[in-house]
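Visitor: I would like the atomic coordinates for the input below:
(2 chains)
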Amino acid sequence: MQQVRTRFAPSPTGFMHLGGLRSALYTYLYARKNDGAFVLRIEDTDQQRYVEGAVEAIYRSLRMAGLNWDEGPDVGGDYGPYIQSQRKDMYLPYAQELVKKGKAYYCFCTKERLDGLRAQYEARGETFKYDKHCAHLCADEVQTRLGAGEPYVIRQNVPDHSQADFDDVLFGHIAVDTDTLDDMILIKSDGMPTYNFANVVDDHTMGITHVMRGSEYLSSTPKYNLLYDAFGWQRPVYIHMSPIMADAHRKLSKRHGDPSFEDLLNQGYLKEAIVNYIALLGWSPGDDREFFTLDEMVQAFDLKGLSKSPAVFDPLKLRHFNFTYLQRMDVDAFEAAMLPWIADAIDTTRFDTRRLAELLQPRCEVFSELAPKLGFLSEMPDYDTALFANKRMKTDAVSALTVLDELMPLLAAVPVWSEDALHDAVTAYIAGQGCKNGYVLWPLRIALSGWENTPAGAFEIAGLLGRQETLSRLGRSAAKLRAAL
RNA sequence: GCCUCCAUGGUCUAGCGGUCUAGGACGUCGCCCUCUCACGGCGGAAACAGGGGUUCGAGUCCCCUUGGGGGUGCCA
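Guide: Below is the predicted model of the structure:
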């Protein structure tokens, strides 16, 4: 049995979108699952669309995601070059071979004539189809015009009144009437092949056995197969994959503000979480498992689990995956990973970052949301003493002031400044008062943080701030209360 | 318009003729825990698009309708 060879063939038009990444993922998984080769090919036949740095962005994203390719522009291989523009010279001879076989023809029609034709079809409410005007040119005329240097394209000669069909492993047998198929352009007037032609030639010459690509190619695949048949080439196995949508109507796209893979990374999402989440957007392992490493995905991957309908991207569920991945990190790893994200918010040399990591980890879905939660640590915020009043805690400004005044000497007397010691001291005080924890802890936490909500409790905050800062804040808050009363 | 594909809760999905009073996850709602915010625990609401067939029996097969996607470029 021949070795499975799959390819991911993006065009470098910008950055790696989640849809592209997912296509690459499935393509990669299928190759690995079958001990095959995963090939990266850059489809840059459209010179107009060249974007600076786009190829590097593809490399970067793929590597980051762990989707290592066996052959490609930068790693080489036996079927190179792997960039279409560098293969430019090999397409024309293939097209000419087709012309000889009567399966393609030179076309000299101008843009103007084509536009006029298109307008006519549109007026009649019909789908545009090239009228094969140039297919009827005699060989001599073609040679003459070619010799005169007249611009030309080469078109596929699709037979009339016939059927073109193929089988897709997901969508099954698909057959269309060739009368609905246009004579698509194979070679453009600039000498470059169109995607339509290049992909066929490249997939064949690169020995690609399984063509996995977006379902937008589903309707042109019959035409590609006419080409395979004309050459006498073996058709590849086709697996068309449905797109990732932003909502029911719109495909996910950077143009509309949807995040690219690197955007998500920059927002504080873990690459493993992203890859895991998008893997499940349109693919199911068949059981209830949701969390996979890349290797586990390879083991579990099966084309049968691919969905035929588009999948809507849910940012909330991505967050959930990221949260779960963050919770699974050990504290050391979490601490190391979180530090760059909080360095701008607080002076990390001033606080026990290990303790911070312990406190923050269960409250963190995405790294980028950490910094805003820590502002109160750096500097005591300005706040309204109304915060001390809490109905459920049965506290108000008066009770708070009393508690703070009584607490300060107790805390000042704690021999070793630790959360445990603080806890013991305050708990003893609460027991002596015979009140609820909240009656004391609510005002304490407000007095220390100035915030209604904090990612830690009173003891933790006091521990983090240290003796001096804690006592200073308590003193200032008590004064503030006194002034307000 | 024409060609073509798809169709289970708000979202991702399991289901491949009886085991479905339709399972899981996210989200959502309620309760518990609780010094806040979270975490966590428990519980709830929520779907087979509609209509015809086929069959003893249909979420599962067929047809139509509806809805949605894709194509209809010298873009990929």
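Visitor: So, low pLDDT: which residues of the stretch 51-200 of chain A?
Guide: Within the stretch 51-200 of chain A, no range satisfies pLDDT under 70.
Visitor: residues in it within reach of RNA strand B, list them.
Guide: Contact residues, the stretch 51-200 of chain A versus RNA strand B (C-beta under 7 Å from any atom of the strand): A:109-111, A:114, A:118, A:125-128, A:151, A:153, A:171-172, A:174, A:176-177, A:180, A:182, A:185, A:188-190, A:192, A:194-196. For the C-beta atoms, the positions are set from N, CA and C on the backbone; glycine is no exception.
Visitor: Return the subset of these lying in helices.
Guide: A:111, A:114, A:118, A:195-196 (DSSP state H).
Visitor: Show me which pair in the residues you listed is furthest apart.
Guide: A:Arg118 and A:Tyr195 (20.3 Å; C-beta to C-beta).
Visitor: Tell me which of those two has more neighbours.
Guide: A:Tyr195 (17 against 13; other C-beta atoms under 10 Å).
Visitor: so who does that one touch?
Guide: A:11, A:43, A:45-46 (C-beta atoms under 8 Å, 6 or more residues apart in numbering).
Visitor: circling back to that earlier point, just the ones in helices among the residues of the stretch 51-200 of chain A next to RNA strand B now: which is nearest A:Leu387?
Guide: A:Tyr195 (62.0 Å).
Visitor: in what helix or strand does the nearest residue in space to A:Asp74 that is not next to it in sequence lie?
Guide: Closest residue to A:Asp74 apart from its sequence neighbours, by C-beta to C-beta, 6 or more residues apart in numbering: A:Tyr59 at 6.5 Å. For A:Tyr59, the enclosing helix or strand under DSSP states H and E is helix A:54-65.
Visitor: got the contact list for the next helix or strand after that helix?
Guide: The element immediately downstream of helix A:54-65 (helix or strand, assigned by DSSP H and E) is helix A:88-100. Residues from elsewhere that reach helix A:88-100, judged by C-beta under 8 Å, 6+ apart: A:104-106, A:154, A:156-157, A:186-187, A:191-193, A:197-198, A:201, A:205, A:227, A:230-231.
Visitor: rerun at 7 Å
Guide: A:104-106, A:154, A:186-187, A:191-193, A:197-198, A:201, A:230 (C-beta atoms under 7 Å, 6 or more residues apart in numbering).
Visitor: Report how many residues lie close to A:Pro409.
Guide: For A:Pro409, using other C-beta under 10 Å, the count is 9.
Visitor: Where does it sit: helix, strand or coil?
Guide: helix (DSSP: H, G, I helix; E, B strand; the rest coil).
Visitor: mind giving me the domain split of chain A?
Guide: What automatic domain parsing lists as the domains of chain A is A:5-82+A:244-312, A:85-198, A:329-372, A:380-484.
Visitor: Now name the helix or strand holding the residue nearest to A:Arg7 when sequence neighbours are not counted.
Guide: The shortest distance from A:Arg7 to any non-neighbouring residue, by C-beta to C-beta, 6+ apart, is to A:Val39 (4.0 Å). Assigned by DSSP H and E, A:Val39 belongs to strand A:37-40.
Visitor: Distance of the residue nearest to A:Asp74 relative to A:Thr27?
Guide: 16 Å (C-beta to C-beta, to the nearest Å).
Visitor: Neighbour count for the two, which is higher?
Guide: Neighbour count, other C-beta under 10 Å: between A:Tyr59 and A:Thr27, A:Thr27 has more, with 25 against 17.
Visitor: Let me know whether the helix or strand that one falls within sits next to RNA strand B.
Guide: Using DSSP H and E, A:Thr27 sits within helix A:18-33. No - Helix A:18-33 lies out of reach of RNA strand B by C-beta under 7 Å from any atom of the strand, never closer than 9.5 Å.
Visitor: now could you export just the CA positions of that helix as PDB?
Guide: Output of helix A:18-33 as PDB, limited to C-alpha atoms (Å, rounded to 0.1, in the frame of the first residue of the first chain):
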ATOM      1  CA  LEU A  18      -8.200  29.500  12.900                       C
ATOM      2  CA  GLY A  19      -9.900  27.900  10.000                       C
ATOM      3  CA  GLY A  20      -6.600  27.400   8.300                       C
ATOM      4  CA  LEU A  21      -4.900  26.200  11.400                       C
ATOM      5  CA  ARG A  22      -7.700  23.600  11.900                       C
ATOM      6  CA  SER A  23      -7.300  22.400   8.300                       C
ATOM      7  CA  ALA A  24      -3.600  22.100   8.900                       C
ATOM      8  CA  LEU A  25      -4.300  20.200  12.100                       C
ATOM      9  CA  TYR A  26      -6.700  17.700  10.600                       C
ATOM     10  CA  THR A  27      -4.300  17.200   7.600                       C
ATOM     11  CA  TYR A  28      -1.400  16.700  10.000                       C
ATOM     12  CA  LEU A  29      -3.400  14.300  12.200                       C
ATOM     13  CA  TYR A  30      -4.400  12.200   9.300                       C
ATOM     14  CA  ALA A  31      -0.800  11.900   8.000                       C
ATOM     15  CA  ARG A  32       0.600  11.100  11.500                       C
ATOM     16  CA  LYS A  33      -2.200   8.600  12.200                       C
END
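Visitor: Which residues does it contact?
Guide: A:4, A:6-8, A:10, A:37-38, A:61-62, A:65, A:67, A:210, A:212-214, A:241, A:243-244, A:252, A:261, A:275, A:278-279, A:281-283, A:297-298, A:301, A:303, A:313.
Visitor: average model confidence for that helix?
Guide: In this model, helix A:18-33 has a mean pLDDT of 97.
Visitor: again with stretch A:328-345
Guide: 96.
Visitor: which parts of that stretch are buried?
Guide: A:329, A:334-335, A:337-338, A:341-342 (16 or more other C-beta atoms under 10 Å).
Visitor: What is the nearest of the ones in helices among the residues of the stretch 51-200 of chain A next to RNA strand B to A:Ala389?
Guide: Nearest member of these to A:Ala389, counting by C-beta to C-beta, is A:Tyr195, at 67.3 Å.
Visitor: Quickly note the distance from the closest one to A:Arg213.
Guide: 11 Å.
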